[in-house]
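*Asks:* Following is a predicted model, sequence given first.
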Amino acid sequence: MADSLDVSDVIAIPMDDIVLTAVRSGGAGGQNLIKVATAIHLQFDIRGSSALPDHVRDRLLALDDRRISATGVVTIKAQE
């Protein structure tokens, strides 16, 4: 796994700043769904990361996006 996530030519987020958690996905899936983690939550603390320049941090926190909590943590769920 890479040491950082390259967002642009000048911004790279250290993988230590990103939390990946396996979770159960919702929706149809039968018995197997109850036992198997089939989705991933990615969490990133916008306020707490030193990888973001101030103007980028401010712009992200100003977004009206339900994935960004009041404390500045963005959570993205990926599932198949």
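*Replies:* Received it, and whenever you're ready, just let me know what you need.
*Asks:* So, low pLDDT: which residues of this protein?
*Replies:* Residue ranges of the chain with pLDDT under 70: 1, 26-37.
*Asks:* all helices for it, in order.
*Replies:* For the chain, helices defined by DSSP state H occupy the ranges 31-35, 54-62.
*Asks:* could you check the distance from residue 69 over to residue 10?
*Replies:* For residue 69, the distance to residue 10 (C-beta to C-beta, to the nearest Å) stands at 26 Å. For every residue, glycine as well, the C-beta is placed using N, CA and C.
*Asks:* again with residue 71
*Replies:* Taken as C-beta to C-beta, the span from residue 71 to residue 10 is 26 Å.
*Asks:* Then residue 70?
*Replies:* 28 Å.
*Asks:* what do you get for residue 47?
*Replies:* Going from residue 47 to residue 10 by C-beta to C-beta gives 20 Å.
*Asks:* Between these two, which has more neighbouring residues?
*Replies:* Neighbour tally, residue 47 and residue 10, criterion other C-beta atoms under 10 Å: the higher count belongs to residue 47, 11 against 8.
*Asks:* Residue 46: how many residues sit nearby?
*Replies:* By other C-beta under 10 Å, neighbour count at residue 46 equals 20.
*Asks:* Tell me the backbone dihedrals of the residue nearest to it when sequence neighbours are not counted, please.
*Replies:* Setting aside the residues directly before and after it, residue 46 is nearest to residue 72 in space (C-beta to C-beta, 6 or more residues apart in numbering), at 4.5 Å. The phi and psi values for residue 72, taken as degrees, to the nearest 10, are phi 90, psi 20.
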